[in-house]
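J.: Predicted model and sequence follow; I will ask about them next.
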Amino acid sequence: MTAKPTQLHTRAYTRNRQAAIAPFRLPAFGYGQNHVQDTAQQQAELFYLQKQIQAQTPMVLVLEDGEQIEGCIEWYDRSALKIRGRAKTLVYKSAIKYMYKLGESD
């Protein structure tokens, strides 16, 4: 009987610990931010994403771990982008380091 309460206690303790390194957040839609978001920056991000969706521009998303995903942005919401490439992929905005148009590499 003592094993179960210890496991629950350990699980609760692990869940409440804070991460050692805070992940990167997109500035306009940072998840869990406590301050008021900059409306102009948010509108600029929405306009850019909508323009890329309408033009079906091939994009490259570079993730925090260095992985690159190529494809067109199909839709977006507050916290994620759906990319249509080799496979349809849902990418959290917090995992994106940066993105650029396919033909515009360094």
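T.: That came through fine. The structure displayed is predicted, hence computed values, not measured ones.
J.: Sticking with residue 41, tell me its helix or strand.
T.: Following DSSP states H and E, the helix or strand that holds residue 41 is helix 39-55.
J.: helices or strands up against that helix?
T.: strand 68-76 (3 or more CB pairs under 8 Å, 6 or more residues apart in numbering; DSSP states H and E). (C-beta placed from N, C-alpha, C; glycine too.)
J.: So, low pLDDT: which residues of this protein?
T.: Along the chain, the model assigns pLDDT under 70 to residues 1-37, 105-106.
J.: which stretches of this protein form helices?
T.: For the chain, helices defined by DSSP state H occupy the ranges 3-16, 39-55.
J.: Mind listing what's buried along the helix holding residue 41?
T.: Neighbour counts using 16 or more other CB atoms under 10 Å place 45, 49, 52-53 of helix 39-55 among the buried residues.
J.: Ok, stretch 68-88 next?
T.: Using 16+ other CB under 10 Å as the test for burial, stretch 68-88 gives 69, 71-73, 76, 80-83.
J.: in the sheet, who's paired with residue 61?
T.: Each beta-bridge partner of residue 61 is listed here: residue 69, residue 99, as defined by DSSP bridges.
J.: Make 51 the starting number, not 1.
T.: Yes, from this point I'll number from 51; that puts the last item at residue 111.
J.: Now do residue 98 against residue 92, distance only.
T.: From residue 98 over to residue 92 the distance is 11 Å, taken as CB to CB, to the nearest Å.
J.: Please read the previous query as pertaining to residue 101.
T.: Per CB to CB, residue 101 is found 15 Å from residue 92.
J.: Equivalent analysis for residue 151, please.
T.: 21 Å.
J.: now residue 152
T.: Using CB to CB, one obtains 25 Å as the distance from residue 152 to residue 92.
J.: and if you look at residue 139?
T.: For residue 139, the distance to residue 92 under the criterion CB to CB works out to 24 Å.
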